[in-house]
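Asker: Here's a sequence, model it:
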Amino acid sequence: MSNALTVPTSLEEIVQRFDVTTEPFTEHDVASALRTASGALNEPSEAEGHGAWAEYLAFALATGQHQNPWNSYFGPMGSGVDGAGNTVYFPDIVGTSSEAITHWANRTRTLKHPFLRARYADLAWEMSGPIGKRKRDPEDARIAVDSYLDAIPRMAEEHEHFQFAIRALDLAVLIGDAERTERARKKLMDVHRGLMKSHSRTWWYTVDRLLDDKKAGVTDDERAELVADLESIIAMRSNSGDPANCDPHEAQSAAERLVPYYRRLSKHDDARRLHMAVAEAFEQFASNADPMLAAALLQTATDEYRNAGSKEDRDRTRILMQKQIGAAGENLQSFEHKIEITKDDMEKFLDLVVVDDIGESFVRIAREFMLKRPHLEDQVQKTLKEAPLMAHITQMIYADDRVAAKIGGVDEDSFGRLFHQAKLAFQFERPWLVQAFQRLFEKHAVVPQHFAGWANRHGLFDDMSLLVEGTSAWAREDHVKAAHVLVPQVERALRKIADELGVPVTKAHPTVPGTSVAIGMGEILYHQKVADALGRDATLHFQALYADPRGMNLRNEIAHGLMEGDQFHWHLGNLIVHSILMLGLWKEFGQIGKKREG
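Answerer: Below you'll find the predicted structure:
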């Protein structure tokens, strides 16, 4: 196959049109126009096919939104699973002509619009290895730095301003260009000052990039300015006397960045002061919340008082929290909803699952994305007709150094096949679940404490601090932390359920006589009493997600350090948080199952 590349005339006209426009545009605008033009090509030659793809790919690739199989700044927008269970990416660079790198490098030297120049130059620099299989040219990085900085005034959205400034700074530092590093850092500070003046809530990008930086040449005055900005955010957002601006979550976010800084400087009194300010803000905020949310908010207040070393306040708010937990459980109701999804109509689906009542929305999301065992069983049986050969072949699931699981044919191992089908179902949920969560945040302005409070509807947690920590990490897309914090909390909750059902939750230590150990998630979920209480659907869901080697087996994969960093992506976090929502309905799920079987 030839690597020759020719851009069809219709696509060239699009690029040239964007190059001279004075109106703001984004990579999505360019990608959409190029995709339409590519689809309209009539029997393009091989070279034209390569050229059309190179142009579309240049603007279809995303930055930091998805798991990235290429370990590059640019990655796919999404992914899915094909019929053989293999992960496929959208778009994928596989098959891209190596001449695309040369083409992108030429583009940046012939076009005038700074955004286009920045995009093409960065692509030529970043993808030289993954696509071109060659060394990177530092001149591409230099052009990208200059063009990103020049493009900032022409971009409409504030997130583009700090994103471009940070990318320019990262590239300048990477190539060791001191002059460009200083220019990019100053531009980022200018962007930051604009955000502070408008009270934008995206200030944290600059703080995270510069406060502790040792390579970008941050001056003492700039660092002092960032510290002062954090102090002002905490003061404004923790002021309960100003309801319009009070936001304890933003105050906590600023304090989480400033407290470690103060501790490194041995300014322990300042660190304590910030913990107290955040604690008081959350306590005040809880006084106006419903019991479920108030309990979770008071958990955060309790943790902050503890961090401040105020034992009296910690104990006081813990007592208040326990009272709110009790109040939240007084009027629990059982919910059941049947929703038929029209997969061609995302908006209709979102209107069905995210409704005006936040509690009802939690119920619908938890129910809608929970695996339905009868449906999966039907899918397994259909494979006998639709794919008879695959239905009868034994499948081996391999890990790095072992056979992790074995799944027999449908006739002999229908239960094992159920887990294979469940893994596929988890993957097919990707676009629907992420949109449901996004709509939930947009419609109800939910915060991590909402998720923690909901998970604790039935009093499974005496201490919700780790739930709040984990869901906070998920909300800010720290999926490594979210998974490592939340998965043990799911196991903890399931152990509490088992204990309430009279199931022994400890067993004799296998090697140390006279001592006991806690039972694991697998033992819990495969105990008949627990399975009966949860119902068939919820039990299978937890088993497939966490505890069975034929499923995703997250609990063991994480606990034994068997997962790589790039496996902790956004969909994994969404599945875990969804299971947190399921915990808030565990009693209702069992009741629903009994009604169905009856």
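Asker: So what's the residue count around the residue nearest to residue 122 when sequence neighbours are not counted?
Answerer: In space, and not counting its chain neighbours, residue 122 is closest to residue 144: 4.3 Å by C-beta to C-beta, 6 or more residues apart in numbering. Using the backbone N, CA and C atoms, a C-beta is placed for each residue, glycine as well. Number of residues near residue 144 (other C-beta atoms under 10 Å) recorded here: 27.
Asker: Residue 144: what's it in contact with?
Answerer: 108, 117-118, 121-122, 125, 167-168, 171 (C-beta atoms under 8 Å, 6 or more residues apart in numbering).
Asker: Return the member of these nearest to residue 24.
Answerer: Among the contacts of residue 144, residue 118 lies closest to residue 24 (C-beta to C-beta), at 14.2 Å.
Asker: From what I see, the closest one and residue 152 are in contact.
Answerer: No. Applying C-beta atoms under 8 Å, one finds residue 118 not in contact with residue 152, separated by 9.8 Å.
Asker: list residues touching both of those two?
Answerer: With C-beta under 8 Å, 6+ apart as the test, residue 118 and residue 152 both reach residue 164.
Asker: between these two, which one's more packed in?
Answerer: Neighbour count, other C-beta under 10 Å: between residue 118 and residue 152, residue 118 has more, with 25 against 21.
Asker: circling back to that earlier point, mind checking how far the helix or strand hosting the residue nearest to residue 122 is from the chain centre?
Answerer: If you go by DSSP states H and E, residue 144 is part of helix 138-151. Put simply, helix 138-151 sits 30 Å off its chain's centre (C-alpha atoms, centre = their mean, to the nearest Å).
Asker: Could you give the average pLDDT over that helix?
Answerer: Mean per-residue pLDDT for helix 138-151: 98.
Asker: right, and the helix or strand after it?
Answerer: Next element after helix 138-151 (DSSP H and E): helix 158-174.
Asker: all strands of the stretch 301-450 of the chain, in order?
Answerer: Using DSSP state E, counting those that start in this stretch, the strands of the stretch 301-450 of the chain run over 395-398, 403-407.
Asker: Mind telling me which of those the model trusts least?
Answerer: strand 395-398 (a mean of 57).
Asker: if we look at stretch 152-162, which residues are touching it?
Answerer: 24, 26, 113-115, 164-165, 187-188, 191-192, 194-195, 198, 200, 202, 205-206.
Asker: Can you say which of these are buried?
Answerer: Among the contacts of stretch 152-162, those classed as buried by 16 or more other C-beta atoms under 10 Å are 113-115, 164-165, 187-188, 191-192, 195, 205-206.
Asker: Which helix or strand contains the closest residue in space to residue 308 that isn't next to it in sequence?
Answerer: In this structure, residue 308 finds its nearest non-sequential neighbour in residue 275, 3.7 Å apart by C-beta to C-beta, 6+ apart. For residue 275, the element it lies in under DSSP H and E is helix 268-286.
Asker: Could you pull up the residues touching residue 556?
Answerer: 522, 547, 549, 562.
Asker: so for the helix or strand encompassing it, what's the average pLDDT?
Answerer: For residue 556, the enclosing helix or strand under DSSP H and E is helix 554-559. Averaging pLDDT along helix 554-559 gives 90.
Asker: Against which helices or strands is whichever helix or strand comes after it packed?
Answerer: Proceeding N to C from helix 554-559, the next assigned helix or strand is helix 570-583, under DSSP H and E. Judged by 3 or more C-beta pairs under 8 Å, 6 or more residues apart in numbering; DSSP states H and E, helix 570-583 is in contact with helix 358-368, helix 430-444, helix 448-455, helix 465-475, helix 479-500, helix 536-542.
Asker: count of neighbours near residue 136?
Answerer: Residue 136: 17 neighbours (other C-beta under 10 Å).
Asker: Pull out the buried positions in the helix holding residue 144.
Answerer: In helix 138-151, counting by 16+ other C-beta under 10 Å, buried: 140-151.
Asker: Can you add distance to residue 101 and give those residues back as a markdown table?
Answerer: Listed next are these as a markdown table, based on distance: C-beta to C-beta, whole Å:
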| residue | distance to residue 101 |
| --- | --- |
| 140 | 9 |
| 141 | 13 |
| 142 | 16 |
| 143 | 14 |
| 144 | 14 |
| 145 | 18 |
| 146 | 20 |
| 147 | 17 |
| 148 | 19 |
| 149 | 23 |
| 150 | 23 |
| 151 | 21 |
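Asker: what about stretch 199-212, how long is it end to end?
Answerer: End-to-end distance of stretch 199-212 (C-alpha to C-alpha, to the nearest Å): 23 Å.
Asker: Now tell me what touches it from outside.
Answerer: So stretch 199-212 is in contact with 158-159, 162-163, 166, 169, 185, 188-189, 191-192, 194-196, 216, 218, 222-223, 226-227, 229-230, 233, 245, 250, 253-254, 257, 261, going by C-beta under 8 Å, 6+ apart.
Asker: Just give me how far that stretch sits from the chain centre.
Answerer: So, by C-alpha atoms, centre = their mean, the centroid of stretch 199-212 is 19 Å from its chain's centroid.
Asker: That one: which residues count as buried?
Answerer: Quick answer for stretch 199-212 (16+ other C-beta under 10 Å): 203-207, 209-211.
Asker: three-state assignment of the closest residue to residue 492 other than its chain neighbours?
Answerer: Spatial nearest neighbour of residue 492, excluding adjacent residues (C-beta to C-beta, 6+ apart): residue 461 at 7.3 Å. Three-state call for residue 461 (DSSP: H, G, I helix; E, B strand; the rest coil): coil.
Asker: what residues are up against residue 461?
Answerer: Here residue 461 is in contact with 452, 455, 467, 489, 492-493, 496 (C-beta under 8 Å, 6+ apart).
Asker: and stretch 562-577, how far apart are its ends?
Answerer: Termini of stretch 562-577 sit 21 Å apart (C-alpha to C-alpha).
Asker: residues touching the closest residue to residue 469 other than its chain neighbours, list them.
Answerer: Leaving out its chain neighbours, the residue that sits closest to residue 469 by C-beta to C-beta, 6+ apart is residue 485, at 5.4 Å. By C-beta under 8 Å, 6+ apart, the residues touching residue 485 are 466, 469-470, 473.
Asker: so can I have TSV of these showing neighbour count and pLDDT?
Answerer: Shown next, in TSV, are those (neighbours: other C-beta atoms under 10 Å; pLDDT from 0 to 100):
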residue	neighbour count	pLDDT
466	17	94
469	19	94
470	28	95
473	20	93
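Asker: Residue 434: which of the residues you listed is nearest?
Answerer: Nearest member of the contacts of residue 485 to residue 434, counting by C-beta to C-beta, is residue 473, at 16.8 Å.
Asker: That closest one contacts residue 451, doesn't it?
Answerer: No. At 11.7 Å, residue 473 and residue 451 do not qualify as touching, with contact defined as C-beta under 8 Å.
Asker: about what we covered before: so how far is residue 252 from the residue nearest to residue 308?
Answerer: In this view, residue 275 and residue 252 are 10 Å apart by C-beta to C-beta, to the nearest Å.
Asker: Over to residue 21?
Answerer: Counting by C-beta to C-beta, the gap from residue 21 to residue 252 is 42 Å.
Asker: With residue 93 instead?
Answerer: On the measure of C-beta to C-beta, residue 93 and residue 252 end up 40 Å apart.
Asker: and those two? which has more neighbours close in?
Answerer: Each of residue 93 and residue 252 has its neighbours counted (other C-beta under 10 Å); residue 252 has more, 25 against 19.
Asker: give me every residue that touches the closest residue to residue 252 other than its chain neighbours.
Answerer: Ranked by C-beta to C-beta, 6+ apart and with sequence neighbours excluded, the top spatial neighbour of residue 252 is residue 278, at 4.8 Å. Counting by C-beta under 8 Å, 6+ apart, residue 278 touches 234, 238, 248, 251-252, 255, 300, 304.
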